[in-house]
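Visitor: please find the sequence and the predicted model below.
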Number of protein chains: 2
Amino acid sequence: MEHKDMKQKTKNIFHQEQTKRIYIKGKIHDVSVGMKEIQLQNGQKFITYDTLGPYGDADFKHDIKQGLPKVKCEWRKKNKEFHTQLWYAKNGIITPQMEYVAIRESQGIENTITPEFVREEIAAGRATLPANRMHPEAEPMIIGRNFLVKINANIGNSALGSSISEEVEKAMWSAKWGADTIMDLSTGANIHETREAIIRNCPTPIGTVPIYQALEKVNGNVEDLTWEIFRETLIEQCEQGVDYFTIHAGILKKHIELAKKRTTGIVSRGGSILAKWMSARNMENFTYENFDEICNILKQYDVAISLGDGLRPGCIDDANDQAQFGELETLGILAARAQALDVQVIIEGPGHVPMNKIKENMELQQKLCNNAPFYTLGPLVTDCGAGYDHITAAIGGAMIGWFGTAMLCYVTTKEHLALPNRDDVREGVVTFKIAAHAADIAKGHPAAIARDLAMSQARYDFRWKDQFNLSFDPERAKMFHVEMIKDSGADFCAMCGPNFCAMKITKSID
Amino acid sequence: MEHKDMKQKTKNIFHQEQTKRIYIKGKIHDVSVGMKEIQLQNGQKFITYDTLGPYGDADFKHDIKQGLPKVKCEWRKKNKEFHTQLWYAKNGIITPQMEYVAIRESQGIENTITPEFVREEIAAGRATLPANRMHPEAEPMIIGRNFLVKINANIGNSALGSSISEEVEKAMWSAKWGADTIMDLSTGANIHETREAIIRNCPTPIGTVPIYQALEKVNGNVEDLTWEIFRETLIEQCEQGVDYFTIHAGILKKHIELAKKRTTGIVSRGGSILAKWMSARNMENFTYENFDEICNILKQYDVAISLGDGLRPGCIDDANDQAQFGELETLGILAARAQALDVQVIIEGPGHVPMNKIKENMELQQKLCNNAPFYTLGPLVTDCGAGYDHITAAIGGAMIGWFGTAMLCYVTTKEHLALPNRDDVREGVVTFKIAAHAADIAKGHPAAIARDLAMSQARYDFRWKDQFNLSFDPERAKMFHVEMIKDSGADFCAMCGPNFCAMKITKSID
């Protein structure tokens, strides 16, 4: 029964008028990159980045049990000896994945991003291409300050709610609205099975926080956690196809006292678990102590490490404090160690930060972490946004994206209050897509600027359908417009009415 | 029937748990300033700025026909000869209105804002206290970069929708959610009557764009507009009690050619009307030509002039162009002329501006307009936000507020698409309240910082009711939380569940 329902829903939710998925072929490798082509009312075509994967194909038949087809990438077959993208990049080799992302990032504007540029950015550690060899369903994408700003959507159950099918639907829904990666943060029941269903049905890289499952294995007793259980969990998830792990290896015993002075203490779940373990055992963080072994496991799969900020500030009063920046310093040291072992790195960042303290975060991260990609949660620019924290986080996210953050983790309207449902995921993803796009505009990305120009030309021409399709949530834009005006050919909208449209009046000036 | 309905609704929509309206007395004058007092669960009290007016009094009986009571302000009786707040300020006199706003701005933290400081800011033209003597229902408030960032909510009908009672409800709704001023931008039917009902029932200053009504008087034929009709409209609205007028006196014949080069031309309704008139008549803008007479009318009532940016950019591609900055130069000259005539001034600003071009707007405005208060519409940081333009505008608004903009005009989810309804007004007002608050935080305003701290302490203590009441939309925050957890005493929420709450784990660390 559930199966049939899902098929039905898939058919409905991925349909978008005047839009189709096209494929652009590689010139070096046999790759075929899916893009979204919007057929404009003036006869032009507009090509944009597409995160939908095979769901965007008109004739795609989805079977949740079977999962998605593998992305065509002959590399996997050719190379018996496995190396990471970072190894290839360092050795001057352009992989199919690198060419794939170069095509994706160029968005139909040729030569803006070359495969060689992608290789250089990865080799320098400024960009990460998360691609676990056990996750062939994922379309290659890249995270780095010299590429489009990416967004991540967190999904996953909690002890208080959700089922496997709901979580798979949230994953598909995230991809539909534009999430570039998805983190499964499940902490409730059936963690392994939930993740399996998500990975097999998701066209984007998947991230997790393995300590959640490790803790489940010891029945929630933090003191019972061991390196061995954590290690076993890492391997289990590597085998399953997770593309990047958040590991809070930078929070050390010496930081705990600093965090105790804070207004809201430790607000990272992983950070608080490790702090409690260190305190109870009077031992150093086992993910820090075994960091090289972690890297050696990850590089066998090319799983990237996302160095978690266990001490990110949970309120404005704690922003940019000694605990936060002390941990960041450790993250910089670990980043260099991982990269030396050919493991790709991402650095996680805050959190709650007032606007006047955002730039310092970015500058310090770049300095301490040798320009490794920064991946922030917001930042939220005030603590008082309950019910609207997608907005407090989009303000900070857009700013830090402009300053150079490579990926923004979305925040939903339910942050601090409850577990988001499917509709909250949609609103959160679209909000962050807009924040990331605004950052791309401010950075001068040609494809982003072209989209705004196409939108504004459509607006001035009263091409309503094009305005809907060029926006980040065509369905909502259309619904708002047609609510009051049924005629999609009208040269005005209900906001100003037919006689007070400034653009219409302007056009009538001789 | 309508009457009775409205009373019923009033009773419901203004109720907030654990919150009451208190009054703080003046020390110089016989003024009594309404503030919101939140009774926290830990026994403390938190005092915040309150825009609700008498609607916040538990025993207030509202009669829409009778309107609101007059704000207690003996000044009006004492002074037979009428002068503007600017005249008094220049002459070293602290008015009751000045003391009133000093108390309001201090928010219970004594001596942060003194009446003398208010006087100095007004005298220097850096702040405006809009207070038409014919609008005694309005509670005095101040607009200036050295005060709390204010927000304006646009309401008003269009030819395609809304009634008088709906518009009065939107006005009351705006005040409930925190709008500091309200602009009635009606362009549909019954402009005079709609405005009358709004002014008599609204506790905040009211702004209008008088050219809309002038155009209605000539049946929408732009060419038939005359200075005389406009002048008559100004007097009519001054008499009615409008507190500030948007007048697009800075758009001149020489600017029209510059605007023709643009991607989206002129997107200000007032600007496009005047451009069309100038072009059709081959004459200079009549509001520019008669500017001194306009000022002489306004100062008889102390109506402030909000110099409209008829050439604000309507898309990213037109931002910071010659047309926009050419007009801004003219606005600076007009601002000085108005202030010399004792008329208080506000300068309106963009519009669509990418993040990297926002600061230039603020700096140029301050330079060209001698620090007169800036009042912006957003700015929207991308053109592609259809359906989510409250967010694209909140991003730019928070930033420019931090840089020094004194008041932000809200933008709703319906911008570019349709006329907002009551719920859209709520979402727009709360969104901008948050953006303004984030700007206050970044500027280091003590009262704003105190609120975030109180919120975070409540969060760390799991005082859920306090978190709801300290947020900007207590009803929504509460709804999200109780949706999944009925127990408001729980030391966790449904997002992480009972075993994965980082703050709870942190507290258990020895």
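Guide: Here it is on my side, so go on.

Visitor: the closest residue to residue A:196 other than its chain neighbours: neighbouring residues, count only.
Guide: Nearest residue to residue A:196 in three dimensions, chain neighbours excluded: residue A:240, at 6.2 Å (Cβ to Cβ, 6 or more residues apart in numbering or on different chains). Bear in mind the C-beta positions are built from the backbone N, C-alpha and C, glycine included. When neighbours are counted by other Cβ atoms under 10 Å in any protein chain shown, residue A:240 registers 19.

Visitor: now do residue A:340
Guide: Residue A:340, neighbours per other Cβ under 10 Å, totals 12.

Visitor: kindly provide the distance from it to residue A:288.
Guide: 16 Å (Cβ to Cβ, to the nearest Å).

Visitor: please list the residues outside stretch A:477-495 that contact it.
Guide: Contact partners of stretch A:477-495, identified using Cβ atoms under 8 Å, 6 or more residues apart in numbering or on different chains, comprise A:462, A:464-465, A:467-468, A:471, A:498, A:501, A:504, B:158, B:160-161, B:386-387, B:413-420.

Visitor: any regions of the stretch 351-500 of chain A where pLDDT drops low?
Guide: A:486-488 (pLDDT under 70).

Visitor: now the strands for it?
Guide: A:374-377, A:407-409 (DSSP state E, counting those that start in this stretch).

Visitor: same thing with the stretch 51-200 of chain A?
Guide: Using DSSP E, counting those that start in this stretch, strands in the stretch 51-200 of chain A cover A:127-128, A:143-144, A:150-155, A:181-184.

Visitor: go through the ones you listed and name the closest to chain B.
Guide: strand A:150-155 (9.8 Å; Cβ to the nearest Cβ).

Visitor: okay, the residue nearest to residue A:298 when sequence neighbours are not counted: pLDDT?
Guide: Excluding its sequence neighbours, the residue lying closest to residue A:298 (Cβ to Cβ, 6+ apart) is residue A:343, at 5.1 Å. As predicted, residue A:343 sits at a pLDDT of 98.

Visitor: separation between residue A:213 and residue A:63?
Guide: 27 Å.

Visitor: who's more crowded, those two?
Guide: Of the pair residue A:213 and residue A:63, residue A:213 is the one with more neighbours under other Cβ under 10 Å, namely 22 against 12.

Visitor: how confident was the prediction at the more buried one?
Guide: 95.

Visitor: quick check on it: phi, psi?
Guide: phi -70, psi -40 (degrees, to the nearest 10).

Visitor: also the one 4 residues further on?
Guide: Dihedral angles of residue A:217 (phi, psi; degrees, to the nearest 10) stand at phi -70, psi -20.

Visitor: what pLDDT does it get?
Guide: 94.

Visitor: list the contacts for it?
Guide: A:229, A:233.

Visitor: give me the distance between it and chain B.
Guide: 13 Å (Cβ to the nearest Cβ, to the nearest Å).

Visitor: per-residue confidence at residue A:50?
Guide: 96.

Visitor: residues near it, how many?
Guide: Neighbour number of residue A:50 under other Cβ under 10 Å is 22.

Visitor: also residue A:68?
Guide: 21.

Visitor: wait, doesn't it sit right on residue A:54?
Guide: Yes - in this structure, residue A:68 is within contact of residue A:54 by Cβ atoms under 8 Å, at 5.7 Å.

Visitor: from the stretch 101-250 of chain A, which residue is nearest to chain B?
Guide: Across the stretch 101-250 of chain A, the shortest distance to chain B (Cβ to the nearest Cβ) belongs to residue A:159, at 3.4 Å.

Visitor: measure that residue to residue A:220 for me?
Guide: 9 Å.

Visitor: ok now the longest helix along chain A, how far from the chain's centre?
Guide: The single longest helix within chain A, with elements called by DSSP state H, is helix A:422-443. Its chain's C-alpha centre and that of helix A:422-443 lie 11 Å apart, by Cα atoms, centre = their mean, to the nearest Å.

Visitor: give me the buried positions along that helix.
Guide: Within helix A:422-443, the residues that count as buried by 16 or more other Cβ atoms under 10 Å in any protein chain shown are A:422, A:424-443.

Visitor: same for that helix, what does it pack against?
Guide: If you count contacts as 3 or more Cβ pairs under 8 Å, 6 or more residues apart in numbering or on different chains; DSSP states H and E, helix A:422-443 packs onto strand A:150-155, helix A:164-177, helix A:389-403, strand A:407-409, helix A:446-460, helix B:389-403.

Visitor: what number of residues lie near the spatially closest residue to residue A:389 that is not a sequence neighbour?
Guide: Here the nearest residue to residue A:389 in space, its sequence neighbours aside, is residue A:415; by Cβ to Cβ, 6+ apart that works out to 3.9 Å. Residue A:415: 26 surrounding residues under other Cβ under 10 Å.
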